[in-house]
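Undergrad: Got a predicted structure here, sequence first:
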Amino acid sequence: MGAKRDPAELKIEAARVALGHVEPGMQLGLGTGSTAEAFVRLLGERVAEGLSVIGVPTSERTADLARSLHIPLTTLDDHPRLDLTIDGADELDDELRLIKGGGGALLREKIVATASERMIVVADASKRVKSLGAFPLPVEVVPFGLGATMRAIESVAGRLGLDGPLSVRQAADGRAFLTDGGHLIVDAAFGRIPDPEALSDSLLHIPGVVEHGLFIGIASAALIADADGVIHLASA
Ligand SMILES: O=C(CO)[C@H](O)[C@H](O)COP(=O)(O)O
């Protein structure tokens, strides 16, 4: 087994392999987070060398980065169907089910990934888990009725045998974190989620829930970097 490597290097490694999947003329979804950022930076180098692609960013943060690198950007209104989205994840299992939203961009990330022919997840090996749930599940909610929505989340989770504290995510200044869409994030520390599909369906029935960070049946492949290289996982 190879020597232990800095996670930042591993993220760049996975991002570099992902770049090999980009072809001239592609319409790309650009993810959010430090691993997606590594990809966008590498993509920016290729664009500076003459690669012609166009991207839809999944957050204002990624849009700012892409603009600074002169990567041409568009919207899903102008390009409703994308070829490929490259994005990170907070957790992924061997069925390519993901938890996302650690960076608070899950709603736009899910819209963009779902509008793409393929989504490739880039991650270091620490993100690969046997079972989802050690990472608290981000649930994006509208501010109106927050208390009632949180009670409803607890109640549907309880029916699935899940229990654990919910917390409203805070920004660095101590105020509530607001997503690019002006919503709140409730982080649900349920622990192991035995049935992610059932939890996903139940959460989406709660009126105040806009989306949640479970990505099921969306990722087509994952590039996972560890000290020995980059493993390619493909969906069944
Ligand atoms: O879902 C996300 C942002 O909403 C990110 O993809 C996820 O948080 C992983 O981030 P990082 O690559 O920094 O570990």
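TA: Perfect, thanks for sending it. Residues are numbered from 1 along each chain as shown.
Undergrad: In contact with the most centrally placed residue in the chain: list those residues for me.
TA: Nearest to the geometric centre of the chain sits K100, at 4.0 Å (C-alpha atoms, centre = their mean). K100 is in contact with D87, G88, A89, D90, L106, E109, K110, P138, G213, F215, counting by C-beta atoms under 8 Å, 6 or more residues apart in numbering. Quick note: C-beta positions are derived from backbone N, CA and C, even for glycine.
Undergrad: can you narrow the residues you listed to ones near the ligand?
TA: D87, G88, A89, D90, L106, E109 (C-beta under 6 Å from any ligand atom).
Undergrad: what sits against the fourth one?
TA: The one in question is D90. Taking C-beta under 8 Å, 6+ apart as the test, what D90 contacts is L98, I99, K100, G101, G102, K127, F135, G213.
Undergrad: rerun that using 7 Å as the cut-off
TA: Contacts for D90 (C-beta atoms under 7 Å, 6 or more residues apart in numbering) come out as I99, K100, G102, K127, F135.
Undergrad: which of the residues you listed has the most neighbours?
TA: When neighbours are counted by other C-beta atoms under 10 Å, K100 leads the contacts of D90 with 30 neighbours.
Undergrad: Up against the ligand, what does this structure have?
TA: Neighbours of the ligand within the chain, by C-beta under 6 Å from any ligand atom: 31-36, 87-90, 100-106, 109.
Undergrad: Can you tell me which of those residues are buried?
TA: 31-33, 35-36, 87-90, 100-106, 109 (16 or more other C-beta atoms under 10 Å).
Undergrad: got any ranges where the chain has weak pLDDT?
TA: Low-confidence segments of the chain, defined by pLDDT under 70: 1-3.
Undergrad: Just the CA atoms of the helix or strand encompassing A198, as PDB, please.
TA: If you go by DSSP states H and E, A198 is part of helix 196-204. The C-alpha trace of helix 196-204 is given here as PDB (Å, rounded to 0.1, in the frame of the first residue of the first chain):
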ATOM      1  CA  PRO A 196     -31.800   6.100   2.000                       C
ATOM      2  CA  GLU A 197     -34.500   5.800  -0.700                       C
ATOM      3  CA  ALA A 198     -37.300   5.700   1.900                       C
ATOM      4  CA  LEU A 199     -35.800   8.700   3.800                       C
ATOM      5  CA  SER A 200     -35.500  10.600   0.500                       C
ATOM      6  CA  ASP A 201     -39.100  10.000  -0.400                       C
ATOM      7  CA  SER A 202     -40.400  10.900   3.100                       C
ATOM      8  CA  LEU A 203     -38.400  14.100   3.300                       C
ATOM      9  CA  LEU A 204     -39.600  15.300   0.000                       C
END
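Undergrad: buried set for it?
TA: Within helix 196-204, the residues that count as buried by 16+ other C-beta under 10 Å are P196, L199, S200, S202, L203.
Undergrad: now stretch 4-15
TA: Buried residues in stretch 4-15, counted by 16+ other C-beta under 10 Å: P7, L10, K11, I12, E13, A14, A15.
Undergrad: Spatially nearest residue to the fifth one (excluding sequence neighbours)?
TA: By that I understand E13. Of all residues not flanking E13 in the chain, A225 sits nearest, at 4.2 Å (C-beta to C-beta, 6 or more residues apart in numbering).
Undergrad: Give me the residues contacting the strand or helix carrying that neighbour.
TA: Per DSSP H and E: A225 is located in strand 221-226. With contact meaning C-beta under 7 Å, 6+ apart, strand 221-226 is reached by 10-11, 13-14, 17-18, 92, 96, 120-125, 128, 230-235.
Undergrad: Many thanks, we can stop here.
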